[in-house]
Each structure stands twice: as structure tokens, then as C-alpha cells.
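In: Starting from these lines, generate the structure:
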Amino acid sequence: MLFEFDETYFKDEERSGFLITECMKRYWAAALRTVEIFDEICRRYNLSYWADCGSMLGAFRHHGFIPWDDDIDLGMPRKDYNLFLEIAEKELPEGFFVSRYESNVHKYNGTTVVINHQGTLFSSEILGEYYNCPFPVGFDLYPYDNVPDDENELQKWRLDYLRCLHEIRTMREDMEKEGNVDFEKLKEKVDEAEIVAARYAGSDTENMTRFIFMALENKSEVLKRKWCDIQMEMPFETATIPVPLYIEEVLLSRFGADYVRSVKAASAHNYPLYKRDIVGMMEFLKNGGIELKDLPPILQYIRREAEYRGIYKEK
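Out: You can find the predicted model right below:
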């Protein structure tokens, strides 16, 4: 996996009737650089992963990002996911941030986020490595757990996990009310929840799931394990990305029969993700008497993006 981008790639482009700006292109490229780094680690340790959710759909339908998507989702078997978390601090480049969503900015939701740095950075190293994108960027990593074949076991497993979720959320709410959130204690509870989720990791079961979603929505997230046991490479932007060998079966189960139709849907978050970073950057610059128009030429695309998004107007 080696993504190569020349300057023509970063030009504004319309895809499926939707404008992809230079800022989004650079954000995409920076995210794919983090996936390259992750992929190198996975190859060294023989870890399996695949493009998941909208990234899987984008690979199949668009051979790249869904035009109105701005993040990358990856899936991973639980045993590989746990090993990655063990080695992440040692293997990821300095400055990378790995969060299981139980921190001062994230709440636990069964997923890990991996980003290249925290905060907006303008160092020559960051801009050179990440295509002049100063914003924090990375990917979401979803663990997939084996689902017990017995229905009674499945429901007990689900209830045990929901109990853990309730304890985590209640504990955090109580701590927040007292004004003293102890993240080490919360982490202990998160670890308990993850142990419950991984209960059938060594079992030869027929199905698997992103367990937190199955726990909250019952069976809507269950997939056949054989669909994802083997991966293949599929074109994605300027290179390829691994997807399940039975990608069409997965997409049909996840998105329904209309998954082949390109229909703009609402984002699960406030699109684009970097909008909040631009707003924060504008406040920071303002305190120093600087505006976006004063940025160097290589970063003027951020001013154009802010104008396009309606969050900046040159005085």
C-alpha cells in the first residue's frame, strides 16, 4: 500500500455532483498516510484488517472515499485488535494518539480512534509528512467479536456487556457531578467491558459483530465470519485498501439492496470534521492579531475553505 499524490490530485473536483475541495483532498490524503503507517505495522505483525462501514462502501462504489464522507473506518478481528493496542505505543510514530474513547474528550463506545497528533500543528515535519494538512487526522478502528451460536448464550453475553456500559456511564456521570473524573478508574471499567466483549474470541463460531452496536441494537450488526476471514485489495483513491473477500455480502447485510446507488446521506457527525479545527485556529490566530489571509501561500487553501464553509469573511 503506497498512496502517491501529485498536486493535480488536490485541485477542487466535483464527484457525483458533490464538490470536493482542496482542503478535503488534503485531509483525505493525510488520513490515508496514517492508514499507510498502520498497514506497515499490521504487515510486520501479521494482523488482519479491512475497510469498514462507509470506507468499505466507498471502495466498492467509488474506488475511493464516498464524496460526502470525511473519515476512514477500519475493521479488525478482536485478537488482532487487542495485539495492536498492546504494540501501538511502541510502533506508532511519536506524537500519534490512540484513544478508546474514555478520556477528557472522548467517551467509551467500543471503538478506538487513531490520530497523527493532537491539535492543529504547523511544523515543517507535520506539513511535509501530511500533504500540508495541519489538522489532526486518522481513522476509527472497530473490533469484531465472535458471536456465540447459542441464542441463550448470546443474550446473556449481551446483557453482561450492557451492564458494563451502564457502570461506565454511571461512574463517569457521578465523577463529572463531583468535578473530578478519574480516568484510571474509568479505564479499569472499560477493560472489564472489553473482556466481556472478547468472551468468544477463541471460539469457532459462525458469526461476528461490532459488539457494542449489537449490544445496543441486538442483531442488526451480525455478519458471517467467513465473509471477512479473507481480504482482497480494492482500488481506493490512488492506491488500494483491503476489503473483505465477500464484500458484496457484507454491504448487502449492512446497507441493504440499494447500496449500489450513490445517494447523498446525512453524516454521522458534523461534516466536515476539520471545521471545528479551522474555527479554533481562527481564534488562536486572532489572539495574535493574524487572520487567515495572512497565512503563507501553501496554506491559503484553508482561507478558501473557511470562506466556502461560511465561517470566514475577509475584512
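In: Pull the contacting residues for the residue nearest to Tyr130 when sequence neighbours are not counted.
Out: Of all residues not flanking Tyr130 in the chain, Ala30 sits nearest, at 3.9 Å (CB to CB, 6 or more residues apart in numbering). Glycine gets a C-beta too; all of them are placed from N, C-alpha and C. By CB atoms under 8 Å, 6 or more residues apart in numbering, the residues touching Ala30 are Asn116, Tyr130, Tyr131, Cys133, Phe135, Val137.
In: how about Ala30, phi and psi?
Out: phi -60, psi -40 (degrees, to the nearest 10).
In: Could you check how far it is from Gln300?
Out: Distance, Ala30 to Gln300, using CB to CB, to the nearest Å: 17 Å.
In: quick revisit: buried members of the contacts of Ala30 into PyMOL, please.
Out: To isolate the buried ones among the contacts of Ala30 in PyMOL, judged by 16 or more other CB atoms under 10 Å, type:
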select buried, resi 116+130+131+133+135+137
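In: Make TSV from the contacts of Ala30 and add distance to Glu249 to it.
Out: Formatted as TSV, the contacts of Ala30 follow (distance: CB to CB, whole Å):
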residue	distance to Glu249
Asn116	33
Tyr130	35
Tyr131	35
Cys133	35
Phe135	36
Val137	31
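In: for the contacts of Ala30, which one is nearest Ala239?
Out: Tyr131 (14.1 Å; CB to CB).
In: in the stretch 1-150 of the chain, which ranges drop under the pLDDT threshold?
Out: Where the stretch 1-150 of the chain drops to pLDDT under 70, the residues are 105.
In: count of neighbours near Glu13?
Out: Glu13: 15 surrounding residues under other CB atoms under 10 Å.
In: ok, the spatially closest residue to it that is not a sequence neighbour to Tyr308 distance?
Out: The shortest distance from Glu13 to any non-neighbouring residue, by CB to CB, 6+ apart, is to Ile20 (4.9 Å). As for Ile20, its distance to Tyr308 is 11 Å (criterion: CB to CB).
In: more neighbours, these two?
Out: Neighbours per residue (other CB under 10 Å) separate Ile20 from Tyr308, with Ile20 holding more: 20 against 14.
In: Got phi/psi on that one?
Out: Torsion angles, degrees, to the nearest 10, at Ile20: phi -100, psi 110.
In: residue ranges of the strands in this structure, please?
Out: Counting by DSSP state E, the chain has strands at residues 13-15, 18-20, 50-51, 73-77, 97-99, 112-115, 138-147, 207-209, 223-224, 231-236, 239-244.
In: what's the last one in contact with?
Out: Strand 239-244 is contacted by residues 1-4, 32, 35, 48-51, 55-56, 59-60, 227-228, 230-234, 250 when judged by CB under 8 Å, 6+ apart.
In: Could you do the fourth one as well?
Out: Under the contact criterion CB under 8 Å, 6+ apart, strand 73-77 has outside partners 35, 38, 47-56, 84, 139-144, 208, 210, 228.
In: Surely Asn109 touches Tyr101?
Out: Yes: with contact defined as CB atoms under 8 Å, Asn109 counts as touching Tyr101 (5.1 Å).
In: and the nearest residue to Arg15 once chain neighbours are set aside, how many neighbours?
Out: Distances taken as CB to CB, 6+ apart put Pro67 closest to Arg15, at 4.1 Å, once the chain neighbours are dropped. For Pro67, the number of neighbouring residues by other CB under 10 Å comes to 18.
In: Quick one: residues contacting Ala88.
Out: The contact partners of Ala88, taken as CB under 8 Å, 6+ apart, are Phe96, Val98, Val114.
In: Just give the closest residue to Lys38, not the sequence neighbours.
Out: For the record, residue 38 is Phe, not Lys. Phe38 sits nearest to Val114 (CB to CB, 6+ apart), 6.8 Å away.
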